[in-house]
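**Student:** Provide a 3D model corresponding to the input given below.
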Amino acid sequence: MAANIIIPSILRSITSGADTVAASGTTIGAILEDLDAKFPGIKSRLCDDSGKVRPFINIYINGEDIRFLQHLETPVKESDEISIVPAIAGG
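**Tutor:** Below you'll find the predicted structure:
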């Protein structure tokens, strides 16, 4: 099953400029693994060495933050839309 992943502009150099890509998996963690297989290096930009999503990266599934769901174990269906949103700092 494949879900649509919305890629932020800062990561589009990894996806050859694509703003939306498809990835397969039944959980967010599996989706990130598939995404990294298709676009090597993207997972290391999203997750730390222990495999957890970096604090400044937000991942949403159908508009809900996975941190308030089941984190990387959040189930994914084919019709789901996943958004990767880096935190923006400024002042």
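
**Student:** contacts and neighbour counts: CA atoms only from here.
**Tutor:** Will do.

**Student:** ok, which stretches of this protein are strands?
**Tutor:** Remark: strands assigned in the chain by DSSP state E are 2-6, 20-24, 57-61, 64-65, 81-86.

**Student:** Give me the contacts around the shortest one.
**Tutor:** Among residues not part of strand 64-65, those counted as contacts by Cα atoms under 8 Å, 6 or more residues apart in numbering are 58-59.

**Student:** residues contacting the nearest residue to Ile61 once chain neighbours are set aside?
**Tutor:** Leaving aside its sequence neighbours, Ile61 sits nearest to Ile82 (Cα to Cα, 6 or more residues apart in numbering; 4.5 Å). Residues in contact with Ile82 (Cα under 8 Å, 6+ apart) are 3-6, 59-63.

**Student:** I'd like to know how far Ile82 sits from Asp49.
**Tutor:** Note on Ile82: its distance to Asp49, by Cα to Cα, to the nearest Å, is 22 Å.

**Student:** Select the longest helix from this structure.
**Tutor:** The longest helix of the chain (DSSP state H) is helix 28-38.

**Student:** what's the angle from it to strand 81-86?
**Tutor:** Interaxial angle, helix 28-38 versus strand 81-86 (axes from the mean of the first three to the mean of the last three Cα atoms, to 10 degrees): 80 degrees.

**Student:** Report the rounded mean pLDDT for helix 28-38.
**Tutor:** What helix 28-38 shows for mean pLDDT is 97.

**Student:** do the same with stretch 71-86
**Tutor:** 95.

**Student:** and it, how far apart are its ends?
**Tutor:** 16 Å.

**Student:** Please produce TSV containing the contacts of Ile82, extended by distance to Val76 and pLDDT.
**Tutor:** Shown next, in TSV, are the contacts of Ile82 (distance: Cα to Cα, whole Å; pLDDT from 0 to 100):
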residue	distance to Val76	pLDDT
Ala3	8	92
Asn4	10	94
Ile5	11	96
Ile6	14	97
Ile59	12	98
Tyr60	11	98
Ile61	8	97
Asn62	10	96
Gly63	13	96
